[in-house]
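> Have a look; sequence and predicted model below, questions after that.
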Amino acid sequence: MDKILQQFLEVASLQNVSHAAKKLFLSQPTLTHNMKKLEESLGVQLFVRTSNGIRLTEFGEVLRDQARVMQRVYDSTLLKIEQLKARHERELKIGTGHAWWFLFLSDTICDYRQVHPGANIHIDVGNHLRLMALLLSGDLDLFVGHEIIGLNKRAGVSFIPLFLTQDWVYVRKEHPLATRVCSNQDLENYPIIEVTPDEHRHQFVVEDLQPKKLEREQLKLTEKILYRSNSLFTCMDIANRSNGILLFPKHMAAYFKRFNLVNLQMSEEYQRKGNVGIYLIRERQHDLHIQDIQEIIRRNVDKIGANVE
């Protein structure tokens, strides 16, 4: 609000120029001069001198009442601006795979909200190559996912390992293989259900595609009938309506059981093992909100430590 109007409100409140000047840390002549300028600019008399100080004229009372309204509006505006600044300063844009959302990221977001109640939070769930592309474009602050083998070394990102994971094979309870111990060969005649498969448009983030090609050849994915979807719930529905096999981290076994899906008992390992961790832009790793969310992620992973071993 205008500085002269703020001085006027102080004079109007105390009804004494000398006392108002002391409170405002101004000399009395300076404050008197400013009030005279205000009267001249408005073309009306605002004060009448009395033996005890001053009193407001009718014009002065109107200005006082309206100036108080303006002061409240001004203070409210400043507060809203500060709140908006806080939301943007602590805004969180985070990505995750489906499994990690259910395992610990949902709790992490709730904990972050407790610490930063005014922050905007954006959550992107999906394939790790897609999330990496979003990270590199600045649309994410960080994401939790599998370590990307063959990642372009010039990407300027850091990977912070959290734990080691392994995929299990899930099927519906009524699946022909559900009641027996299976070998890898037993699975060859059943279609694979792929959750959030890699997309060609995001492969630019990978410098060496050979490890991924080798993995798909070992699993004979190039020879199999495939179901693909970027929706975990769609894939779970397909698994329940077909003899397809769903490859997904072992940590989801308890969750899948609620939806009629069980993990096959395997006589040998079928799928990959790998690290799960946090990816972030190296030059932003010291940003305060990124440090905050990393700490909360680690705390929640530690809470469920027995479930991620």
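Looks like it arrived, so ask away.

> Please make it C-alpha for all contacts and neighbour counts, starting now.
Will do.

> Show me the helices in the stretch 201-309 of the chain, by range?
Ranges of helices within the stretch 201-309 of the chain are 210-218, 232-241, 253-257, 288-303, based on DSSP state H, counting those that start in this stretch.

> the strands in the stretch 1-150 of the chain, which residues?
47-50, 53-56, 92-96, 121-125, 142-146 (DSSP state E, counting those that start in this stretch).

> Just say which of those is most tucked in.
strand 142-146 (a mean of 26; mean count of other CA atoms under 10 Å).

> what's the angle from that one to strand 92-96?
10 degrees (axes from the mean of the first three to the mean of the last three CA atoms, to 10 degrees).

> which helices and strands does whichever helix or strand comes after strand 142-146 pack with?
Next along the chain after strand 142-146, taking DSSP states H and E as the criterion, comes strand 157-172. Packing partners of strand 157-172 (3 or more CA pairs under 8 Å, 6 or more residues apart in numbering; DSSP states H and E): helix 232-241, strand 245-249, strand 261-263, strand 273-281.

> export these to TSV and tack on distance to Ala21, mean neighbour count and mean pLDDT?
What follows is the helices and strands packed on strand 157-172, written out as TSV (distance: least, CA to CA, whole Å; neighbours: other CA atoms under 10 Å; pLDDT from 0 to 100):
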stretch	distance to Ala21	mean neighbour count	mean pLDDT
helix 232-241	69	18	96
strand 245-249	72	23	92
strand 261-263	78	23	96
strand 273-281	54	20	93
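
> how about a markdown table for those, with distance to Ile94 added?
Listed next are the helices and strands packed on strand 157-172 as a markdown table, based on distance: least, CA to CA, whole Å:
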| stretch | distance to Ile94 |
| --- | --- |
| helix 232-241 | 18 |
| strand 245-249 | 20 |
| strand 261-263 | 29 |
| strand 273-281 | 10 |
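
> Nearest to Lys36, out of those?
strand 273-281 (58.8 Å; CA to CA).

> Strand partners (parallel or antiparallel) of the closest one?
Strand 273-281 has the following sheet partners, assigned by DSSP bridges: strand 142-146 (antiparallel), strand 157-172 (antiparallel).

> Highest mean neighbour count out of those strands?
Comparing the strands paired with strand 273-281 by mean neighbour count (mean count of other CA under 10 Å), strand 142-146 ranks first with a mean of 26.

> Now Leu247. Nearest residue, chain neighbours left out?
Nearest residue to Leu247, sequence neighbours excluded (CA to CA, 6 or more residues apart in numbering): Val169, at 4.9 Å.

> and the one you found, what pLDDT?
Val169 is assigned 93 on the pLDDT scale.

> How about Gln294?
Gln294 is assigned a pLDDT of 95 by the prediction.

> how many neighbours does it have?
Residues lying near Gln294 (other CA atoms under 10 Å) number 16.

> just the one 3 residues further on next, same as before
Applying other CA under 10 Å, we find 23 residues neighbouring Ile297.

> residues touching the closest residue to it other than its chain neighbours, list them.
Nearest non-adjacent residue to Ile297, counting by CA to CA, 6+ apart: Thr108, 5.9 Å away. By CA atoms under 8 Å, 6 or more residues apart in numbering, the contact set of Thr108 is Ile293, Ile296, Ile297, Asn300.

> what about Thr108, distance to Ala133?
23 Å (CA to CA, to the nearest Å).

> related to what we said a few turns ago, ok, which of the helices and strands packed on strand 157-172 comes nearest Gly53?
With CA to CA as the criterion, Gly53 lies closest to strand 273-281 of the helices and strands packed on strand 157-172, at 64.6 Å.

> Name the residues that touch that closest one?
Residues outside strand 273-281 that contact it (CA under 8 Å, 6+ apart) are 132, 135-136, 141-147, 156-167.

> report the longest helix in this protein, please.
helix 58-89 (DSSP state H).

> Run through the neighbouring helices and strands of it.
Contacts defined by 3+ CA pairs under 8 Å, 6+ apart place helix 58-89 against helix 3-14.

> distance of Glu10 from Gly118?
Remark: distance between Glu10 and Gly118 (CA to CA) = 34 Å.
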